[in-house]
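Asks: Pasted the sequence and its predicted model underneath.
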Amino acid sequence: MTAKVARTMVEKAGVDVNKLLDLLVKNAAAELTTYYYYTILRTNLIGFDGEGLKKIAEDARIEDRNHFEALVPRIYELGGKLPEDMKAFHDVSACPPAYLPKDISDVKEIVKVLLKAEQCAVRGYTEICNMTAGKDHRTYDLALAILHEEIEHEAWFTEFLGEGPSGHFLRPTGVNSPYVSKFLH
């Protein structure tokens, strides 16, 4: 059962709900697959430089899982659904897989993989925000909350690569998804 009034109101506001659902499912797939790939990437952050990055990679990993969890209800509220096959779900991801680089001992190369995933997410949620601004308040609020966190993740990784300070700080221990947490209750 879909929230028929919610979907109808979004359609009446001028949003192509089928296109929006396609983007939401693809971004949900990106979040879940990124969670998986970040697990592997984080595991390979070893040595002097790598150990210092594990907390950052872990925060981004957990928040990506939370993003997936927050997106799923909205997909179903709008009458969408997730693919029944995990392989198919993986393959519709809005972002390419965050595979380990060939040289797994090169921490900077691992960070570049993490950074590319975050940059893809920033582009995806910006598109959803642009599509729903002033038209679908619930999806916009959710996408904007995720966008805030994805931009912070990007900032963390660019700082490590020496691209300048971002002004962002790590999450306090035990605090994840400060923007998205309201969608997880």
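Replies: Perfect, I can see it now.
Asks: residue ranges of the strands in this structure, please?
Replies: Along the chain, no segments are classed as strands by DSSP state E.
Asks: Tell me where it has helices.
Replies: 4-12, 17-43, 47-77, 86-91, 107-132, 137-160 (DSSP state H).
Asks: Check which helices and strands the shortest one is in contact with.
Replies: So that's helix 86-91. Contacts defined by 3 or more CB pairs under 8 Å, 6 or more residues apart in numbering; DSSP states H and E place helix 86-91 against helix 17-43. The way it works is simple: take the backbone N, C-alpha and C, and place the C-beta from them, glycine included.
Asks: on that earlier part again, save the helices of the chain as CSV, and put in distance to residue 176, mean pLDDT and mean neighbour count too.
Replies: Shown next, in CSV, are those (distance: least, CB to CB, whole Å; pLDDT from 0 to 100; neighbours: other CB atoms under 10 Å):
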stretch, distance to residue 176, mean pLDDT, mean neighbour count
helix 4-12, 28, 93, 14
helix 17-43, 12, 97, 20
helix 47-77, 5, 93, 19
helix 86-91, 23, 96, 12
helix 107-132, 15, 97, 19
helix 137-160, 9, 95, 21
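Asks: so which of these gets nearest residue 175?
Replies: Of all the helices of the chain, it is helix 47-77 that lies closest to residue 175, at 8.9 Å by CB to CB.
Asks: And the closest one, how far out from the chain middle?
Replies: 7 Å (CA atoms, centre = their mean, to the nearest Å).
Asks: and the angle for that helix with helix 17-43?
Replies: 160 degrees (axes from the mean of the first three to the mean of the last three CA atoms, to 10 degrees).
Asks: other SSEs contacting helix 47-77?
Replies: Checking 3+ CB pairs under 8 Å, 6+ apart, helix 47-77 ends up next to helix 17-43, helix 107-132, helix 137-160.
Asks: between the ones you listed, which gets nearest to residue 88?
Replies: With respect to residue 88, and counting by CB to CB, the nearest of these is helix 17-43 at 9.1 Å.
Asks: Specify the angle between that closest one and helix 137-160 in degrees.
Replies: Using the same axes, to 10 degrees: helix 17-43 against helix 137-160 is 30 degrees.
Asks: Turn the helices of the chain into TSV, columns for distance to residue 177.
Replies: Formatted as TSV, these follow (distance: least, CB to CB, whole Å):
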stretch	distance to residue 177
helix 4-12	23
helix 17-43	12
helix 47-77	4
helix 86-91	22
helix 107-132	14
helix 137-160	6
